[in-house]
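Enquirer: All I have is the shape, not the residue letters:
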């Protein structure tokens, strides 16, 4: 089954609705080997210390990681830091690719 979050996100990008941030919480090497086009790289280990200075609390944030567990940890960390509109992209990069999303 296709991940509806990945599908909806791709549709929003195609419609020119970029009022959100895609966050990649994998390590730098994984990010460099392939990521969602436009994704902001902040490794999970650095997320708590960098979130407030790098991200807007009112903006919608979509997160993916090495696996759903890592993405879920990142979602929880951001919510604890005061971010409200945080959503996990279940299936991560593989789900994004399965809906035909652009990657670098």
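Expert: The structure has been received and is ready for your questions. Note that this is a predicted model, so its numbers are computed, not measured.
Enquirer: ok, now which ones touch the closest residue to residue 44 other than its chain neighbours?
Expert: Distances taken as Cβ to Cβ, 6 or more residues apart in numbering place residue 25 nearest to residue 44, at 4.3 Å, with adjacent residues excluded. Every residue, glycine included, has its C-beta placed from N, CA and C. Contacts for residue 25 (Cβ atoms under 8 Å, 6 or more residues apart in numbering) come out as 42-44, 47, 63-65, 70-71, 74.
Enquirer: Tell me the most packed of the residues you listed, by neighbour count.
Expert: Using other Cβ atoms under 10 Å as the neighbour criterion, residue 64 leads these with 30 neighbours.
Enquirer: Give me the contact list for the least confident helix or strand in the chain by mean pLDDT.
Expert: None of the helices or strands of the chain scores lower by mean pLDDT, DSSP states H and E than helix 4-14, at a mean of 87. Contacting residues not belonging to helix 4-14 are listed as 18, 20, 22, 62, 87-91, 95-96, 98-102 [Cβ under 8 Å, 6+ apart].
Enquirer: tell me what the lengthiest helix in the chain is packed against?
Expert: Secondary structure assigned by DSSP state H gives helix 68-80 as the longest helix of the chain. In this structure, helix 68-80 makes packing contacts with helix 44-54, strand 60-64, strand 86-88, judged by 3 or more Cβ pairs under 8 Å, 6 or more residues apart in numbering; DSSP states H and E.
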